[in-house]
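Visitor: Model the structure of this input:
(2 chains)
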Amino acid sequence: MDELYRDQILEHYKRPHNFGKLDEYDLDFEDTNPLCGDEQHVFIKLDDDGRVEKVSFEGQGCAISTAATSLLTDELDGLTRDELLQIPKEKVLELLGIEISATRMKCALLGLKAVKGASLGASADWDDEGAPGDPGESESL
Amino acid sequence: MSTAVETQLDLEKIRASFPALSREIHGKPVAYLDSAASSQRVEASLQAVDRYERRHHSNVHRGAHTLSAEATAAYEGARATVADFIGASDRNEVVFCRNATEAINIVARSWGETNLGEGDRVALTVMEHHSNIVPWQQLAERKGVEIEWIGLSENSQLDLDALDAALDKGVKLVGVTHLSNVLGTVDPLAEISRRAHAAGALVMADGAQAAPKLPLSVTDLDVDFYAMSGHKLYGPTGIGVLWARKDLLAEMPPFIGGGSMIKKVTQEGTTFADPPARFEAGTPPISQAIGLAAALRWLQGLGMDLVNAHEREITDYALKRLAEVPGLQVFGPAPSVDRVGPVSFVIEGIHPHDVAEILDRHAVAVRSGHHCAQPLMDYLGVPATTRASFAVHTDRSEIDRLIEGLLDARRVFKL
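Guide: Next up is the predicted model:
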């Protein structure tokens, strides 16, 4: 079996959960990955206690970003807006259960970023990982 | 000794001139099919930069000492090489800048700011790279300029009737790519210039993709502005060229102020130097200009007609092989039409980013995404494509590996 494109990932890519736009929603946010043009729009309906009652997403994305958001949106019921903001990146990586390279990290985290954006009502941001120095120093070409 | 006229490039020798091609990725030799984004550096250029930096470096212009004279001669010599490569009649029409993007920004900021105002129109093709869109949108924002979009006809070529319709509305400038970085469409620049000039419009051509692939004469094309980037011509990053007609440059105000671009500075004010110095404020990218010139001389040594023939042959071969991959759709003109270079495609059921990831496992380097041409993606109705792009060093075995990788991607995705 493929290390990255495992059956579970392909299944969520081909048939994502919670896909589409909610008829009624309280929060929504669209975020993009400008590097590859991926877009995800998250919709959240809250119950009377301000907890997530329904969540959905739509958009265009690769297998990793689509599967990540499909998996993540299965986990959000009952959370408050504050709790949505507290979800660590590791949660998404754990749900995916695969090794995510630096180049695919933005794909894996696009949905979480959109969920946090919906909760905040503004673009959520975090620092990009980078590596200092010259690739030739640590690697013989 | 052979006296036969060379009718084909010696591909083995050419490949040996690119050190990066000996690099292995995941234990396999790299098949670098991403030259439209940035080309690999040719040895002749690397050596020229190294020699200059080790032995001849100093600041250019106005130095009385030997090193400065050597640096100045090399930098101005690079300008002459560029003029020769692009068929310009006067080296003073060659302005060095950072890249093609900056070249177009100089035109928008300097010529555009001076000559365009409320209600004036600029026409752009839907094929433009963001570099030939955003500077004009910024100008539109500042000055109330309006933008007219020119679409494509069948077969992904520029719709010349739509160009005429835009020109009829009184366009002052046409921004057009010489070679589309997504579709590989070659735009008929000479014909576009003829129509634009007849309607009183100037032509800003983006030559970033065309310059490494087409024999080039800005004089024959009769354009008014031409932009290109060193790093797409087997030379360094940080060096670009704006070529502009001398009479236009003479009337254009400077875009950036500082050292080297002045005649005289007093407390009361400044008079500006003549072109091209007027547009080269501050210490210029000297070694980069020298590296670019060395790459251009290397290309001239091969002969741009032969380079062009090779690029067309490899593009045709790629189009033929890609047609064998099930579920794959290629964008751009049919092989019989004037196209060369980048080939963009989508595979049904696999996102372009995943295609690129799986190709990387095969050490096949391609690009996925919108290729800085989002209006074109919208026009084509896709969010992104995978793009394989070629170079003077691309050989058929690399295309074969691309095809193997694509078939593997279909297997991984269980298609």
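Visitor: Can you name the next helix or strand after the top helix by length along chain B?
Guide: Ranked by number of residues, the top helix in chain B under DSSP state H is helix B:66-86. For helix B:66-86, the succeeding helix or strand toward the C-terminus, using DSSP states H and E, is strand B:94-97.
Visitor: Where does the stretch 51-200 of chain B get nearest to chain A, residue-wise?
Guide: B:H130 (11.0 Å; CB to the nearest CB). In short, each C-beta sits where N, CA and C put it, glycine included.
Visitor: Grab the nearest non-local neighbour of that residue.
Guide: B:C372 (4.4 Å; CB to CB, 6 or more residues apart in numbering or on different chains).
Visitor: Count the neighbours of the one you found for me.
Guide: For B:C372, the neighbour count with other CB atoms under 10 Å in any protein chain shown is 16.
Visitor: can you check the one 4 residues further on too?
Guide: Here the count is done by other CB under 10 Å, and B:L376 has 27 residues near it.
Visitor: ok, now B:A190?
Guide: 13.
Visitor: Could you pull up the residues touching it?
Guide: B:220-222 (CB atoms under 8 Å, 6 or more residues apart in numbering or on different chains).
Visitor: Tell me the secondary structure of it, please.
Guide: helix (DSSP: H, G, I helix; E, B strand; the rest coil).
Visitor: Which residue comes closest to B:N59 once chain neighbours are left out?
Guide: Counting by CB to CB, 6+ apart, the residue nearest B:N59 is B:T283, at 5.7 Å.
Visitor: Could you measure from the one you found over to chain A?
Guide: 24 Å (CB to the nearest CB, to the nearest Å).
Visitor: give the contact list for the residue most central in space within chain A.
Guide: Centroid-nearest residue in chain A, with CA atoms, centre = their mean: A:G111, separated by 2.2 Å. A:G111 makes contact with A:40, A:42, A:57, A:65, A:68-69, A:72-73, A:92, according to CB under 8 Å, 6+ apart.
Visitor: Please render the residues you listed as CSV that adds pLDDT and secondary structure to the earlier fields.
Guide: Formatted as CSV, these follow (pLDDT from 0 to 100; DSSP: H, G, I helix; E, B strand; the rest coil):
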residue, pLDDT, secondary structure
A:Q40, 94, strand
A:V42, 97, strand
A:F57, 97, strand
A:S65, 95, helix
A:A68, 96, helix
A:T69, 97, helix
A:L72, 97, helix
A:T73, 97, helix
A:V92, 96, helix
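Visitor: Pick the one among those residues closest to B:F345.
Guide: Nearest to B:F345 among the contacts of A:G111, counting by CB to CB, is A:S65 at 20.5 Å.
Visitor: Quick check: closest non-adjacent residue to the closest residue to chain A within the stretch 1-150 of chain B.
Guide: Relative to chain A, the nearest point of the stretch 1-150 of chain B is B:R23 (6.1 Å; CB to the nearest CB). Once flanking residues are discounted, B:R23 sits nearest to B:V30: 5.0 Å by CB to CB, 6+ apart.
Visitor: which phi and psi does that neighbour have?
Guide: phi -70, psi 130 (degrees, to the nearest 10).
Visitor: Can you report how many residues neighbour residue 93?
Guide: Since no chain was named, I'll use chain A. With other CB under 10 Å as criterion, A:L93 counts 17.
Visitor: right idea, wrong chain: chain B
Guide: 23.
Visitor: Just the closest residue of chain A to chain B, please.
Guide: For chain A, CB to the nearest CB, closest residue to chain B: A:C62, 3.8 Å.
Visitor: Now do the same contact list for that residue.
Guide: A:13, A:36, A:38, A:107, B:351-354.
Visitor: And the helices in chain A?
Guide: So, for chain A - with DSSP H - the helices run A:7-14, A:63-73, A:81-86, A:89-96, A:105-120, A:135-138.
Visitor: Would you mind finding the most buried of the ones you listed?
Guide: Neighbour counts (mean count of other CB atoms under 10 Å in any protein chain shown) averaged over each of the helices of chain A peak at helix A:63-73, with a mean of 26.
Visitor: Write out the residues of chain A neighbouring chain B.
Guide: Residues of chain A that fall close to chain B, judged by CB under 8 Å from any CB of the partner chain: A:2, A:4-5, A:10, A:14, A:35-39, A:60-64, A:66, A:103-104, A:107, A:141.
Visitor: I'd like to know how many residues surround residue 38.
Guide: No chain specified, so I'll use chain A. Neighbours of A:D38 (other CB under 10 Å): 27.
Visitor: my bad, the chain I had in mind was chain B
Guide: For B:S38, the neighbour count with other CB under 10 Å is 14.
Visitor: for B:S229, same thing?
Guide: Count around B:S229 with other CB under 10 Å applied: 29.
Visitor: again with B:L302
Guide: 17.
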